[in-house]
Structure formats: structure tokens, C-alpha cells
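K.L.:
Sharing a model that was predicted from the sequence below.
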Amino acid sequence: MKRSRINALLRDAIGFFETHHFHLPPFAHWTPDAWPEDRDRIRDILDHGLGWDVTDFGQGRFDELGLLLFTLRNGSEDGKGGVPYAEKAMIVNIGQVTPTHYHWSKIEDIINRGGGTLKIKLYASDAQDELSDSLVHFVADGVRYTEPAGHVFSLAPGESITLTPNLYHSFWAEGERVLAGEVSSVNDDLTDNRFHGLVGRFPDVEEDEPPIRLLVSDYERWLNA
């Protein structure tokens, strides 16, 4: 993705969060030259991947396959830093799919916090990590469901679904773009995502202009973190 496109998406996202009265923490607004030089003070941000994340999943088609999110809090699976849970805020556009994937260890609630309808397509996984044709079992807002493979579950604003390990899911918005939330156990985007198909988690960035905000995937290069 071009940095200019990422910058434009971030400007739009900041306005979208403000429209929905969803207030981000101070470090969401740090420009690249405003990050503290004392890296130890911000070690939790750097080590646990807090901050902005824009991805096209390596496909170069952000409007079709993409997601913009902000990680507000997170820890490490070994329990040696951060908190024992994670929270994200996500902007899901109409018809913009987050590709089919599951997590080996993370349990997450996906919440529609406002906007249109969030559609989530569900599959169990088989012993070969492929899509299974068996029934899917899940809980949504305290209610248990059993549905056929490939079932598309709809979340209206205020509704949520709990996604357990090894449960394949993809999602997109209908009607209006959606402000989605994720509350989960500790999140590890480097090792705990199993995508169905050849999908990358972080984008390759073409630096055609300076960044207005750093992405989580920028920290190592820009901050020597």
C-alpha cells in the first residue's frame, strides 16, 4: 500500500471515531516525531503492538480485502508484560471482507458498536486445518447457536458474537460502515492467525510521502523498537 493511501485512511478513521464519540488514547495522536525518546516509558505500546494497524492482507485490494483497526490494550501470552486481555476498535467498510481465518489460542468477542450490520461467516475447521462441512457451534450475547457450515450471522448495533479457537470466520459490513469492537484474550498477530489461503497479515508499504501516524508494523524500523 502507498503511504499516501494509508495517511488518507487514517485521517478518515480519526473523523469516523469522532463521529461515533469513540475517543482514542493520547498515543493515537502522536506524530512520528512526537514519540518519547525514552523507549522504556512506552515499552508496553511497542512490545504489545498497541496502536494503528491498516492492512490489505498482502492482496493490494484494500477496498475489497482490508481492515483498519486500533489496538487499545494488549499483553503477552507468557504473562510477562502488559495485561492478560486485549481490546481493539475496527472500522469495517461495506463489502470490505476480512479474509477467512481462525486463531489457535485467542478467544474473542466481536461487537457491533455502531453503524450498519456486521455479517460474519462461520466454518468449523477439520483435522487438516481446512474448512469443515460440520455444524458450527457458537454463543452470541449469551445465547447458544448451532448452524450449518458457512452460516452467515448478522450483528446489529449493540450485538456481539464469541469466537472460539479453531472457528474459521470472515466478516464485512452491510448497509453502513461499522464501528466494530474486539475484546479478547491476549492478541498475537505474528503467530496466532491461521488464514485460509495465501494471505499476509501486514502490508508492504510504498513510502511515497511521510507518515502522519506510525502503524504498529512501523515501530521496529521507525523507532528502532
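P.N.:
On my side now, so go ahead. Residues are numbered from 1 along each chain as shown.
K.L.:
Return the helix or strand in the protein with minimum mean pLDDT.
P.N.:
strand 194-195 (a mean of 92; mean pLDDT, DSSP states H and E).
K.L.:
Buried residues in the helix ranked longest in the chain, which are they?
P.N.:
For the chain, the helix that runs over the most residues, judged by DSSP state H, is helix 3-19. Buried residues in helix 3-19, counting neighbours by 16 or more other C-beta atoms under 10 Å, are found at 3, 5-7, 9-10, 13-14, 16-17. C-beta: built from backbone N, CA, C; applies to glycine.
K.L.:
Could you pull out the helices in the protein for me?
P.N.:
Under DSSP H, the chain gives helices at 3-19, 43-47, 219-223.
K.L.:
Out of these, which is closest to Val205?
P.N.:
Taking C-beta to C-beta, helix 3-19 is the member of these nearest to Val205, at 5.7 Å.
K.L.:
same question for the closest one, mean pLDDT?
P.N.:
Averaged across helix 3-19, pLDDT comes to 98.
K.L.:
thinking again about what came up before, pull the most distant pair out of the buried residues of helix 3-19.
P.N.:
Arg3 and Phe17 (20.8 Å).
K.L.:
picking up where we left off before, want to try JSON lines for the buried residues of helix 3-19, with distance to Glu182 as columns?
P.N.:
Output for these, formatted as JSON lines (distance: C-beta to C-beta, whole Å):
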{"residue": "Arg3", "distance to Glu182": "26"}
{"residue": "Arg5", "distance to Glu182": "24"}
{"residue": "Ile6", "distance to Glu182": "21"}
{"residue": "Asn7", "distance to Glu182": "24"}
{"residue": "Leu9", "distance to Glu182": "19"}
{"residue": "Leu10", "distance to Glu182": "19"}
{"residue": "Ala13", "distance to Glu182": "15"}
{"residue": "Ile14", "distance to Glu182": "19"}
{"residue": "Phe16", "distance to Glu182": "16"}
{"residue": "Phe17", "distance to Glu182": "15"}
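K.L.:
Identify, from those, the entry nearest to Glu209.
P.N.:
Arg3 (5.4 Å).
K.L.:
now the protein, which segments are flagged as low pLDDT?
P.N.:
198, 225 (pLDDT under 70).
K.L.:
Which stretches in it count as strands?
P.N.:
Counting by DSSP state E, one finds strands in the chain at the ranges 51-55, 67-75, 82-92, 98-102, 108-124, 136-140, 143-147, 151-155, 160-163, 167-184, 194-195.
K.L.:
In TSV: these, plus mean neighbour count and distance to Leu223.
P.N.:
Formatted as TSV, those follow (neighbours: other C-beta atoms under 10 Å; distance: least, C-beta to C-beta, whole Å):
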stretch	mean neighbour count	distance to Leu223
strand 51-55	23	11
strand 67-75	21	16
strand 82-92	19	18
strand 98-102	20	27
strand 108-124	21	28
strand 136-140	17	39
strand 143-147	10	44
strand 151-155	16	36
strand 160-163	21	32
strand 167-184	20	25
strand 194-195	16	28
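K.L.:
any chance of those in CSV, with distance to Ser217 too?
P.N.:
Below are the strands of the chain laid out as CSV (distance: least, C-beta to C-beta, whole Å):
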stretch, distance to Ser217
strand 51-55, 7
strand 67-75, 12
strand 82-92, 15
strand 98-102, 17
strand 108-124, 21
strand 136-140, 30
strand 143-147, 35
strand 151-155, 28
strand 160-163, 23
strand 167-184, 18
strand 194-195, 16
